[in-house]
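Undergrad: okay, here's the prediction I keep looking at, along with the sequence it came from:
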Amino acid sequence: MIRLLIVEDSPVSSYLLERMFESDPEISVIGTVSTGESALQFIENDMPDVITVNIQLPDMDGFETTRRIMSICPVPIVAITRTAPKEDVAGFFRAIDSGAVAVIRKPDGLNGATYAQCAEKLVDTVKDMARLMVGSSPAGSLQSGHVAGFGGTRNSVTPASKYFSVRYGTQSRGAPLS
C-alpha cells in the first residue's frame, strides 16, 4: 500500500485529489494538509511514501516546501500545478531543482474536459514515483543535492533530471513532453 500525503490549500482541490487517490486500491491517503508548514509538521510524526505538493501554497510556495522536506527527510515528491509542464518550462525545472521527482498538471473539476486523462496520469505517476528511492547525494555531485533511482540500493542512484529526460522524453526542439 502506497502511503500518500497531499499538500493542497484549496479545500475543493484537496477533496477532489483525496477521492481520486483513494479510488485506487494501491494508494492510501494518510493525510491532507493545507500549508507547507503543516506538511513539515506532519512528516515529523508520520512519514509517507510519496507526497503531492501544490506549487501555489499560502505560507511558503511548493518549491520551498519541497526543498525543506527534502532537506529533512527525502521522499518522492510530485509537484502539482495548474499549468502543464510543457506550458511552464521554467516552473517545471524549478520544481525539479527543488527536489520534486515529477511535475504534473492538476486535474480540472470533475466536469472538466481533461479530468479523466489528468486524473489517470496523476495516479499513475504517484504509483511510479512510490518505487523511487531518493536521498541526499555526496557533497557537490548535484546542484540540487538530491538523487533518485528505482529500487535497488542507495548506491545505485540516478540524478532525477536524467530520469526525467528518459521518462518524459524531449521533443526535437528540446521542449519537455507532458
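TA: Thanks, I have the structure now.
Undergrad: I30: which element?
TA: Element membership for I30 (DSSP states H and E) is strand 27-33.
Undergrad: could I get the buried residue list for that strand?
TA: 27, 29-33 (16 or more other Cβ atoms under 10 Å). Every residue, glycine included, has its C-beta placed from N, CA and C.
Undergrad: give me the residue at the spatial middle of this protein.
TA: Central residue of the chain (Cα atoms, centre = their mean): V78, 0.6 Å from the mean position.
Undergrad: so what's the backbone phi/psi at that residue?
TA: phi -100, psi 110 (degrees, to the nearest 10).
Undergrad: and it, what are its bridge partners?
TA: V78 has these beta-bridge partners by DSSP bridges: T52, A102.
Undergrad: list the contacts of M129.
TA: Applying Cβ atoms under 8 Å, 6 or more residues apart in numbering, we find M129 in contact with 50, 76, 78, 101-102.
Undergrad: quick one: the lengthiest helix in the chain to strand 27-33, angle?
TA: Looking across the chain with DSSP state H, the single longest helix is helix 115-129. Interaxial angle of helix 115-129 relative to strand 27-33 (axes from the mean of the first three to the mean of the last three Cα atoms, to 10 degrees): 100 degrees.
Undergrad: could you check helix 115-129 and say which residues are buried?
TA: Within helix 115-129, judged by 16+ other Cβ under 10 Å, the buried ones are 118-119, 121-123, 125-129.
Undergrad: what do you get for stretch 37-44?
TA: Neighbour count says stretch 37-44 has 38-40, 42-43 buried, by 16+ other Cβ under 10 Å.
Undergrad: straight-line length of stretch 28-38, end to end?
TA: Start-to-end span of stretch 28-38 (Cα to Cα, to the nearest Å) is 19 Å.
Undergrad: returning to that earlier point: among the buried residues of stretch 37-44, which are in helices?
TA: 38-40, 42-43.
Undergrad: among the residues you listed, which one sits closest to D9?
TA: S38 (9.7 Å; Cβ to Cβ).
Undergrad: let me see the contact set for the closest one.
TA: V7.
Undergrad: start the count at 296, not 1, going forward
TA: Fine by me, first position is 296 from now on; the one you just mentioned is S333.
Undergrad: circling back to that earlier point, and the strand holding I325, how far out from the chain's middle?
TA: 14 Å (Cα atoms, centre = their mean, to the nearest Å).
Undergrad: which residues touch that strand?
TA: Residues outside strand 322-328 that contact it (Cβ under 8 Å, 6+ apart) are 296-303, 309, 312-313, 316-317, 334, 336-337, 341, 343, 418, 421-422.
Undergrad: can you report how many residues lie near the nearest residue to A395 once chain neighbours are set aside?
TA: Nearest non-adjacent residue to A395, counting by Cβ to Cβ, 6 or more residues apart in numbering: A374, 4.1 Å away. Neighbour count of A374, defined by other Cβ atoms under 10 Å: 28.
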